[in-house]
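sequence and computational prediction follow.
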Amino acid sequence: MRIWFNKTFSTIGAVFTNLRQSVPAGEVTLICTHTHLTAAAFLAADESHLEPAELTGQAYVEWCVDFCHQHNINLFWPGKEAALISKYHVLFQAIGVQVLSVADYHTLTLLHDKAEFYADLRPAVNNRDEFDNAVAKLSAKHEKLCVKPAVSVFGLGFRVLDTQRDSITQLLKGVEYQIPLQELRQGMNNTPEFATLLVMEHLGGPEWSVDCAGRHGELICAVQRKKSPLAGHGQTIDNNVDIQGMVTRLTAHYRLNGLFNIQFKEGVNGPSLLEINPRPSGGFGMACLSGANLAYIALQGIKGRAVQPPVIRYGLRVTEINTPVVLQEL
């Protein structure tokens, strides 16, 4: 089987590694494309090709169809333009190519925009007046608040609102992921309208990242990684019953498929949903150390085969280490 992964995050290398560990040699060929010649994902692929950086939208979909035809692709696992590609399965099916979409177009669009996903649960603001109103409303209910962009990855832009210290104090004390409330408001004076920002309760408890393999709404396997609040102390493979139940229900509700990630954080009322990522997470490789080869499980699900539930090693503490590599020789 020839499987093509188009441009996506470098963490896809962990998916390649886990597929190779479980599939007999020669049974699967992993093809990767990217707009940069030095993409880290190329190091783990069997075949690598450059894709045109300037193409987006419908033109990119047409290029993908042509690429599948030229390279005899059997399964297309899209990253770039995944939502749009989910609308055009018929174009790929016409040339005998199966497309793995995590969800349908509407759902993928919803999951990529956190403001739409949260709807009325967490106020979305675009100017200072809306921000002030949201802070006033939520401060009456919650001790700490935080903000984050509606569209972001890897937690970029997340900040806890600090009502006590200014930025120089934060800098000198090495405070991370916080921003002075008044200085943020002052900055908004210079930007009357800005991209959608979410204002919400800051959940101060533990965080879980759950890596999942599903099949059109059926949760085949989920591995919970409970993150340590202390840097450098790794993560623990956990088995929280409440979280397992929420993951099962969310998978069914959104008819999630393939590999995806769901994140939770604990507040005063227990674990709360943070977000659903329709792709493998950055910690995917750590989850597979639990004994569950999620990439292989997802592939078996795609093929319509029965999957034997893996024995997950709960309580296992895991981490990742950096490995230096050569991307290119000049």
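That came through fine.

now do the domain split for the chain, please.
If you go by automatic domain parsing, the domain ranges for the chain are 2-101, 115-201, 207-318.

which among the ones you listed is found nearest to residue 109?
For the domains of the chain, proximity to residue 109 was assessed by CB to CB; domain 2-101 is nearest, at 5.2 Å. (C-beta placed from N, C-alpha, C; glycine too.)

what segments of the stretch 151-300 of the chain are strands?
Using DSSP state E, counting those that start in this stretch, the strands of the stretch 151-300 of the chain run over residues 159-162, 178-180, 197-201, 207-215, 218-227, 235-238, 258-267, 270-277.

winner for burial among those strands?
Comparing these by mean neighbour count (mean count of other CB atoms under 10 Å), strand 207-215 ranks first with a mean of 24.

any idea how far that strand is from the middle of the chain?
10 Å (CA atoms, centre = their mean, to the nearest Å).

so what's the most centrally placed residue in the chain closest to, chain neighbours aside?
Centroid check for the chain by CA atoms, centre = their mean gives residue 277 as the closest residue, at 3.4 Å. The shortest distance from residue 277 to any non-neighbouring residue, by CB to CB, 6 or more residues apart in numbering, is to residue 261 (4.3 Å).

that neighbour against residue 211, yeah?
Yes - counting by CB atoms under 8 Å, residue 261 does reach residue 211; the two are 5.5 Å apart.

between these two, what contacts are shared?
280, 281, 284 (CB atoms under 8 Å, 6 or more residues apart in numbering).

quick one: residues contacting the second one.
Shown here is residue 281, whose contacts under the criterion CB under 8 Å, 6+ apart are 11, 209, 211, 261, 287.

since we're on residue 39, how many residues are nearby?
Neighbour count of residue 39, defined by other CB atoms under 10 Å: 20.

an error on my part: the question was meant for residue 57.
By the criterion of other CB under 10 Å, residue 57 has 9 neighbours.

please name the nearest non-neighbouring residue to it.
Among residues not flanking residue 57 along the chain, residue 84 sits closest, at 6.7 Å (CB to CB, 6+ apart).

please apply the same query to residue 257.
residue 216 (5.1 Å).

verify the stated contact: that neighbour with residue 255.
Yes - Residue 216 is in contact with residue 255 according to CB under 8 Å; the separation is 5.6 Å.

may I have the residues that are in contact with residue 222?
Taking CB under 8 Å, 6+ apart as the test, what residue 222 contacts is 210, 211, 212, 213, 244, 247, 248.

distance between the ends of stretch 298-307?
Stretch 298-307 has an end-to-end distance of 9 Å (CA to CA, to the nearest Å).

whoops, stretch 144-156 was the one
19 Å.

do the same with stretch 86-99
Criterion CA to CA; first-to-last residue distance in stretch 86-99 is 8 Å.

return the helix or strand in the chain with minimum mean pLDDT.
When the helices and strands of the chain are scored by mean pLDDT, DSSP states H and E, helix 114-118 comes last with a mean of 72.

export only the CA atoms of that helix, formatted as PDB.
Taking Å, rounded to 0.1, in the frame of the first residue of the first chain, the C-alpha atoms of helix 114-118 are listed here in PDB:
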ATOM      1  CA  LYS A 114     -11.900  27.600  18.400                       C
ATOM      2  CA  ALA A 115     -14.300  30.600  18.500                       C
ATOM      3  CA  GLU A 116     -16.800  28.600  16.500                       C
ATOM      4  CA  PHE A 117     -16.200  25.400  18.400                       C
ATOM      5  CA  TYR A 118     -16.600  27.000  21.800                       C
END
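
need the residues that contact that helix.
Helix 114-118 is contacted from outside by 109-111, 124, 148-152, 196, 198, 200, 275-276, using CB under 8 Å, 6+ apart.

what's the burial count for residue 280?
Residues contacting residue 280 under the criterion other CB under 10 Å number 30.

what sits against the closest residue to it other than its chain neighbours?
Spatially, and ignoring its direct neighbours in sequence, residue 280 is nearest to residue 259 (4.8 Å; CB to CB, 6+ apart). By CB under 8 Å, 6+ apart, the residues touching residue 259 are 15, 102, 211, 212, 213, 279, 280, 284, 294, 295, 298.

thanks a lot, catch you later.
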